[in-house]
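Student: here are the coordinates; sequence isn't available:
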């Protein structure tokens with residue numbers, strides 16, 4: 001009786017909440033595009049994502065075991081180095097030991113978590129400390145490396161389902177940017193499959209293993225990942241109505257970061273040059289409202305150099321600055337921002353200091369929704385849905401598999417169906433790029449259409 005009453009109350013309460021939410025939806029009159037309203041899009045994602053969760057992914061058991069062994073040795077070696085450096089046994093997983101070391105022994109000013117306003121030493125805080133004083137970089141990087149290795153090891157020893165597959169459960173509401181979240185399935189197996197490292201992360205003193213090599217296609221299948229190239233930067237250009245940037249993106253012979261570096265530094269760098277890296281990182285940060293102080297800390301330059309960087313960028317692209325002002329005005333008058341698909345983000349905190357968050361939300365949410373619309377397009381195509389199987393949604397890309405002997409026919413059709421038109425006055429066409437492999441997710445190579 002207790003369980004029946006519990007279930008009854010749960011069902012009744014959920015229904016009562018739904019009545020209020022549906023009424024609120026109708027009053028708000030959400031914008032509708034050719035893809036439907038935000039409500040329509042979100043509701044239609046349930047079936048393809050449930051099927052992907054039920055299908056799961058095949059795991060290379062031998063590589064999983066060998067990777068776990070290697071990671072265990074790497075963790076032990078890194079911990080020994082850290083203990084020798086500090087002259088004592090130290091546990092990087094202990095918040096108390098971490099805070100005692102940095103905020104008491106070293107006397108550093110505590111860095112506060114932006115949500116709890118309590119002292120933190122998460123990855124962002126450690127990165128900030130390592131950039132403030134180079135003497136702390138080896139220590140901070142080692143701690144972050146041990147944490148990353150431990151997370152990778154946890155993935156390798158996570159129990160699989162009885163059929164040898166790994167599964168996760170997607171949360172379609174996900175994050176506030178409408179990126180999905182993933183976690184272990186209802187039976188406690190599997191885990192977050194969206195954050196498996198590819199081993200290619202930049203700005204790391206030590207490499208991580210390519211955990212994506214653990215995920216393999218089924219027998220006779222090819223695995224492929226569809227990604228939207230430079231999608232965030234494209235959305236910023238269209239939001240700002242910056243004609244120069246729009247023309248740049250529409251000309252495939254031009255290179256975004258090269259031209260940006262030439263604007264800022266007065267000369268065109270090579271791809272491996274420091275100016276190329278500065279332009280790539282710095283322009284992104286500046287477009288998202290980052291201050292000169294934050295830019296200086298991120299790039300390791302002086303504040304004066306960072307101010308000169310941003311002044312030159314805004315001189316050549318004043319429309320970006322105008323976009324910043326428009327978004328600030330929306331926050332001040334409506335306390336919300338909206339993307340081209342009609343999704344809105346309301347802010348109930350003090351609007352001071354929210355500009356960066358709002359600026360980032362617009363392109364990030366737009367790209368996440370475009371990725372999900374591409375998944376829906378394949379799911380709703382009667383021909384493709386018979387042969388193409390969705391394996392993973394990875395925030396801003398999607399991973400599928402299909403029979404290898406059908407690759408030449410399937411990929412052009414998928415690229416056509418997965419091309420999404422973002423409904424601006426001057427439409428933004430987001431066409432995915434695809435990488436494929438018959439070996440594993442971690443062995444993907446760019447697929448060239450003949």
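Tutor: Cool, the structure landed. Please read these numbers as outputs of a predicted model, since none were measured by experiment.
Student: the helix or strand containing residue 51: which residues count as buried?
Tutor: Per DSSP states H and E: residue 51 is located in helix 46-55. Residues 48-49, 52-53, 55 are the ones in helix 46-55 that count as buried (16 or more other C-beta atoms under 10 Å). For every residue, glycine as well, the C-beta is placed using N, CA and C.
Student: out of the residues you listed, who's nearest residue 394?
Tutor: Closest approach between the buried residues of helix 46-55 and residue 394, by C-beta to C-beta: residue 52, at 11.4 Å.
Student: what's the helix or strand containing residue 238 packed up against?
Tutor: Using DSSP H and E, residue 238 maps to helix 231-240. Secondary-structure packing of helix 231-240 (3 or more C-beta pairs under 8 Å, 6 or more residues apart in numbering; DSSP states H and E): helix 243-250, helix 274-287, helix 318-334, helix 355-380, strand 428-430.
Student: now that helix against helix 274-287, angle please.
Tutor: Relative orientation of helix 231-240 versus helix 274-287 (axes from the mean of the first three to the mean of the last three C-alpha atoms, to 10 degrees): 50 degrees.
Student: other residues contacting helix 231-240?
Tutor: Identification of contacts with helix 231-240 by C-beta atoms under 8 Å, 6 or more residues apart in numbering yields 245-246, 248-249, 256, 284, 287, 317, 319-320, 322-323, 340, 362-364, 366-367, 370, 396, 422, 424, 426, 428, 430.
Student: just list the residues touching residue 31, thanks.
Tutor: Contacts for residue 31 (C-beta under 8 Å, 6+ apart) come out as 37-38, 338, 341-342.
Student: repeat that with 6 Å
Tutor: Residues near residue 31 by C-beta atoms under 6 Å, 6 or more residues apart in numbering: residue 342.
Student: look up how far residue 41 lies from it.
Tutor: Between residue 31 and residue 41 the computed distance is 11 Å (C-beta to C-beta, to the nearest Å).
Student: ok, now residue 383?
Tutor: 22 Å.
Student: between those two, who's got more neighbours?
Tutor: Set side by side, residue 383 and residue 41 show more neighbours around residue 41, with 20 against 12, by other C-beta atoms under 10 Å.
Student: what pLDDT does residue 205 get?
Tutor: Model confidence at residue 205, given as pLDDT, is 57.
Student: helix, strand, or coil at the most centrally placed residue in the chain?
Tutor: The structure's the chain has its C-alpha centroid closest to residue 395; by C-alpha atoms, centre = their mean the separation is 5.1 Å. Put simply, residue 395 is coil when judged by DSSP: H, G, I helix; E, B strand; the rest coil.
Student: surely it and residue 180 touch.
Tutor: No. Look at residue 395 against residue 180 with C-beta atoms under 6 Å: they stay out of range, at 7.1 Å.
Student: relative to residue 139, how far out is residue 146?
Tutor: From residue 146 to residue 139 the distance is 11 Å (C-beta to C-beta).
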